[in-house]
Structure formats: C-alpha cells, structure tokens
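# Sequence and predicted model, in that order:
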Amino acid sequence: MTVTRVLIANRGEIALRILRACRALGLGAVVAYSEADRESLPAQLADEAICIGPADAKRSYLSAAALISAALVTGCDAIHPGYGFLSEDAGFAEAVRDHGLTFIGPPAGVLERFASKEGTRRLLASHGLPTIPGSDGMLRDEGHAIAEAARIGYPVLVKPSAGGGGKGMRMVRTPRELEGALPVCRSEARSAFGDDSLYLEKYLPENRHVEVQVAVDGSGHGIHLGERDCSVQRRHQKVLEEAPTPALPPERRAELCERAIRAAVAAGYENVGTLEFLVDASGEYYFIELNCRIQVEHPVTEVLTGIDLVQLQIRIAAGEPLGIRQEDVQLRGHAIELRINAEDPAHDFRPQSGTIERYLPPGGPWVRMDSHLYAGYEIPHVYDSLLGKLIVWGPDRDAAIARAKVALDDLVLDGVVTNREFHRALLDNDVFRDGAVTTALLDRVGAGAFLASRRA
Amino acid sequence: MSERDAMSERDAMSEGGGRALEARTDAEWTADHATIDRLADELLPALVAKLRASGLGEIEVREGGWKVRLRMPAGTNDREPARRAGAPVRTAGALPGGTPGGASSATHAAAGHASSAGGHAAVAAGARGSGGDGGRAATHAPRPRAVATSPGVGFYAPGPGLTVGGRVRAGDRLGAVDVLGVPHDVVAPTDGVIGGSYAEPGEAVEYGQELVRIELPGAAHDGPGTPEGDGRDTAAPYALAPDALAPDALAPDALAPGPDA
C-alpha cells in the first residue's frame, strides 16, 4: 500500500491544503477539477490537473467513475476525497480499493460501520460514551414518532440518519409541530442525502458543540489531539471554531478526550476522525456523531498541537504506524479559526458571487490563512461560499482574540461581499468574549443584532 | 452513473443517428439522411426562429421515429461558457504512455499545424485563448468548424469508420472514451466532414478534451450567415447555427474554435 502520487478529488481551499501536504511528504499530486474550476488555484498549482466533468457536481466531484478513471489515467495510486462530496462514502472507498488505489481516509469497511448516525450512537454508547436520549431506532411512521417523542419528552430534534449541515433537521415542541415537520424533513433528507430515514433526539437548549479530534492507525494505536469548540453556528453552519473549549474546565476536557479516543479505538475506528459532542449548561456531554473525514476546522488543532493532520491521514492510509504517542501531543495556548464566506451578513447571509479584485492574506506570527483566492479569481456560484479560513494562535484566549482582530483588519479582500463585518462584531461581543456562546444563540439573537451591537 | 444517463439521453435524442457508423447499411444510411435533410429543410429553420422569439430554453418536436430538440446553451449571454470553451486544456503531456498527441493546448495546436494548410494557424490559436471577446483574434472570424469533445475521463478509441474526409451527421458516433470499462460515445456535434483527429487511439483524455475536428459544409463561405441551402447535398442549411442543434451535453464546448483552419 505505498502511496506515491495522489489524486485530489476536491476543490477550493481543501484541495490546496491537500496539495501542500502531498508536496511536504514528497508525493506527486494531481488535481481533479470540474469545468467551473478550470481557473482555480489548486488546478493551476498542481503537478498536473485533469478535467473530470462539467460544473454539476453530480457529474464531476460526486462521480466515482470520473474520479477513479482520472486517477488511473494520470498514474495516481491514491485518492484524497477532502471533505464533503464523496469523503465519507463507503461505496466510493470500496470502488477506489477495488481499482487498486488507496483511499485516503478510513477503509471502506470502517466507513460502512459508521455510516448511520443512529447506529454509531448505539455502537459508541456500548463502548462507554454517554448519548442524548433519543428514539429507539429509525422512525417507522407518524404514530411511532409521536409515541417516541412523548417518551423522550419535548422539545425534540428530528434528525436525518445520513448527512449533516442541518439539512432535514427540525426542532419541534409539540406533537402537532412534529406531524408537520416529518414530511418536510423526510423530503429534505431524501433530496440532500438520498436517504430519508429519520430519528428523534432530545433537544438540549443552550448547548455547546464540542468535538474531539482523534487519529487511529491500522494496528489500533490511537491518540486524541484535544477538542475544538464549534458553538458559534448560524443555522447549524459553523462560523468560528476555537480550542480549547471555554465550556469545560481542563480536567473535564481531558476526561472527555480520553473517553472519546478509548471508545473510537474500541469501536474499530481507523484514520483521522472527529467525535462530536453536545455539552449542556451543566457541563454534561453527550456523544452525537462521528465524522470520518478531515474537517473544515482541522487547522485549529494543527496550530494547537503542531501536528499536520492531512499528512497524518495520508500516512495512516498508506499503512504506516501512527508514530506519535499520546504523551507527545502537547496542547499549547489557544487557537481560533474564522470562516470567511462569500455571503452578506447585512442581508441574511445571502451568498455572493463575483470576481476577486484584490486579495492579500494577513500575515505576522501565528497567523495562517487557508484560501484558494487570488486577484482575478471568479467565484463559481455553483459550489459553497467558503472563501478561506483565517486561523490564529495566541498563548491564551484573549491574546488569540486580539490577534484575530488584527488579522481580520489586515486581510485585503475586494470584489465580493464577505462576512468579515460579522466576525468583527463577534470578536467584540461580550457573550463571545465570556466564552458563553451556545449553538442556538446566533439564530435567536439574529445576525443583525450582532452587527448592531458593534456599531453602538 | 449520471454520465451514462446523459449519454443515453443523447442517443435517444438523435435516434437512428446515434448508432455506430459501421452498423448501418447503405440503404439505411440513405434513408436516414433523406429524413434528416427533410427535417433540416422544413422543420429546423422554423424551430430556430421560434426558439429565439419565444425566449424559451428548449423546444422539442417529435415526428415519426425522430425527435428534434433545440436547446439554448446555458448562460448564452454570459462570457463564461465562451471563455471555458476556448480555454486551453491543462492535462499535461505527462499522461501515462506519453502519446505524441498529448493533451496540452500546445500539442493540440501543433497537431493542427501538421494536418492542415497551416496558413491560419496563429490566428486560430489566438482565438482559442480569447474566446473572441476583444482578444487577439477579434478581427478574424473563425473558420466554420466544430469539434467533437470527450464525454469523460478515460482512454480514447476512435470508431473504425472514422477517416479524414468522411462525411458525418450530427449525432453520429465517432468513437468512444472508455471510463472504467464503460464506453462513452464521442458524438459528432453537427453535420460535416471529418477534418482530423486531435488524439491518438488509446490516449488518455480528459472531460471536454477536443478529439475530432469537423469541417462544416459551409466552409466555402466566409463566416456565419449563409443559410441559403444551395442544393448541394453536402450543404446543410443550418450548418452555421450549430449551437442550437448540438445535443445539450456538448454545447457550448463542442463549438470551441479549433486551433487551426
């Protein structure tokens, strides 16, 4: 299972991130791009770039046949799926393997085992992780849903078994609301994930989203790399991530991370992954899901630990031992990542398109910008709105926040409206500065209030 | 996969015309072409006018065993498709096998030189890059031609009937690109005469890569706007409005100006 040349089956900043990891490992890298990404930076910087299909992702970044064929014709021996698209698709991982290529991620069998969120909750609960009270299996019909909701106690969250990103998810307070939500969630889940199975979960108000980064090699040696707090969300989309979490004291954080890695190893997880937890107001944590991919916010952990997670993914997939002991993982200081999106916070975060007129990433010590932008780049409107991620490190949280504000001001990005003003307001906000943001806060208060609070 | 779905739709669109060149008898060939000629003469001019006037994206008409579908290329008024169509292919000549046909635009242009009169090579190559909007070649109208492009990433196999100078009809299968063992048809985007090939048999090709050059019947005239069918059986009256005729999956890329005249 040697890996010498990697096909990068993704786009945008993560394609560039993977390209850089390949280069640092001395590997060849080929970028697979759709017609809409012909002029993209990763396509321009790669050793070789190959057009796999039209802009429509179903015929390019989501086409297993196109991607595998592209890997074969360009002489690659591995495929890195990035995040989103086919990154957690067991069928794709299997097809990659069957064509004699290495899938950079968990093996197909592992993806299969963790494919269902509900099944994963049960599995990890059996290995000692606390989980949120929820429905007994998938909802069979309306009657079953109403009975289960009554047993769990309202409010409850209707959730699709597949996918993420808040699609197909609804919070309901009454049986009547539940009846109304079921068909909507089913249809959303079906169109987004091709799977309309739903389950119920007790809704925890005022919760935080805390996730533990783990890495496990093929021999079952595992480490955790600390946790990340992703409580700053808008409509279930993460906006800002940081580590360590301000929601838990140090000894509780250590306990959470240790329990997470023990359960992940015991359940047979392999490669780099993330266990997501909800933390309630009293500091209790509940396991919610396991993400079998590199995450958008992985740089937070990288700057905190000094460990390159994408390189680690590649090395584990190539069959190498982890080579890092738990005691080698030092969590130093505080890291913050701001997602810079092409969306207008003053107009309900409407996605923006346009051509980047000027772009200069911020600099200085402990400032990192992961972005595929360049002056003259035309943002395709067919994909997501992520323009880049601004990551800063500081010896403590206050220092990191101060550095984030400077970096945000330093960033030159003209030609398209971004959510920069929103980040400015957030970094100045008292609730955020107190480390008290909960996942529902932004939606409850409204982005407008955040922006207004800064102007006042 | 969805790519295959698109292909079968394309086949269905052109019905008899979508079958392999070699699979037809002479009688069938003649009959098919008589039908196509009649549809082209009677139906298409009216449909084209109707499509333009209606502002609709697509019109489809069925008659007998034939189906004619006209579709405006997506974003007809954008610069984007034109630019993409003309953009150089970037898969380098580093593909395994290192076939001389390579896939870089430079190699393409060179292949064009070799197989043509050569006089307009530089001009046409300029048109590729600029898409004709204010670029270097803005003053030179591209010679009327079309290019059949690759429907996928894989290995190219030209059809046995593919010879330079051979006549083809829109929808004819010119060859295939093998994507993980599944052949995806390379289809003629328009009527014309095979002018040359940009890729070698067995060559690794990417999606949208130019494979076969087709000289349009109107080539003797200069530029668009010669719709008068002049009675010659090789001249299709609609040859210069080919983007309206191209199957959707091929438009607008199929009309990328070739590297050479």
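Cool, the structure landed. Numbers count the residues shown, from 1 in each chain, chains lettered A, B, ... in the order given.

# so what does the helix or strand encompassing residue B:41 touch, helix or strand wise?
With secondary structure defined by DSSP states H and E, residue B:41 is part of helix B:26-42. Contacts defined by 3 or more Cβ pairs under 8 Å, 6 or more residues apart in numbering or on different chains; DSSP states H and E place helix B:26-42 against strand B:66-71. (Each C-beta comes from the backbone N, C-alpha and C, glycine too.)

# Now the strand it packs on: average pLDDT?
Strand B:66-71 comes out with an average pLDDT of 68.

# Around chain B, pick out the residues from the stretch 1-150 of chain A.
A:35, A:38-39, A:43, A:47-54, A:58-60, A:63-66, A:68-70, A:72-75, A:99 (Cβ under 8 Å from any Cβ of the partner chain).

# go with 7 Å
Neighbours of chain B within the stretch 1-150 of chain A, by Cβ under 7 Å from any Cβ of the partner chain: A:35, A:38, A:43, A:48-53, A:58-59, A:63, A:65-66, A:68-70, A:73-75.

# Can you flag the buried ones in those?
Of the members of the residues of the stretch 1-150 of chain A next to chain B, the ones counted as buried by neighbours, 16 or more other Cβ atoms under 10 Å in any protein chain shown, are A:35, A:38, A:43, A:48-53, A:59, A:63, A:65-66, A:68-70, A:73-75.

# Out of those, name the ones that lie in helices.
A:43, A:65-66, A:68-70, A:73 (DSSP state H).

# Redo the residues you listed as a markdown table? Include pLDDT and distance to residue A:342.
Shown next, in a markdown table, are these (pLDDT from 0 to 100; distance: Cβ to Cβ, whole Å):
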| residue | pLDDT | distance to residue A:342 |
| --- | --- | --- |
| A:43 | 98 | 19 |
| A:65 | 98 | 31 |
| A:66 | 98 | 26 |
| A:68 | 98 | 31 |
| A:69 | 98 | 32 |
| A:70 | 98 | 27 |
| A:73 | 97 | 33 |
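
# Now flag whichever of those residues is closest to residue A:360.
residue A:43 (21.6 Å; Cβ to Cβ).

# ok, now which ones touch the closest one?
A:31, A:33, A:37, A:49, B:90 (Cβ atoms under 7 Å, 6 or more residues apart in numbering or on different chains).

# Please check the residues you listed and keep the buried ones.
Buried among these (16+ other Cβ under 10 Å): A:31, A:33, A:37, A:49, B:90.

# Output the residues you listed as CSV; include the columns distance to residue A:139 and pLDDT.
Shown next, in CSV, are the buried ones among the contacts of residue A:43 (distance: Cβ to Cβ, whole Å; pLDDT from 0 to 100):
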residue, distance to residue A:139, pLDDT
A:31, 41, 98
A:33, 40, 98
A:37, 39, 98
A:49, 45, 98
B:90, 48, 40
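
# biggest helix in chain A by residues?
Max-length helix for chain A by DSSP H is helix A:175-193.

# how far out from the middle of the chain is the helix or strand that comes right after it?
Scanning forward in sequence from helix A:175-193 by DSSP H and E, the next helix or strand is strand A:198-202. With Cα atoms, centre = their mean, to the nearest Å as the basis, strand A:198-202 stands 21 Å off its chain's centre.

# From the centre of chain A, point out the most distant residue.
Of all residues in chain A, residue A:143 has its C-alpha farthest from the mean position, at 34.3 Å, by Cα atoms, centre = their mean.

# and the gap between that residue and chain B?
According to Cβ to the nearest Cβ, to the nearest Å, residue A:143 stands 37 Å off from chain B.
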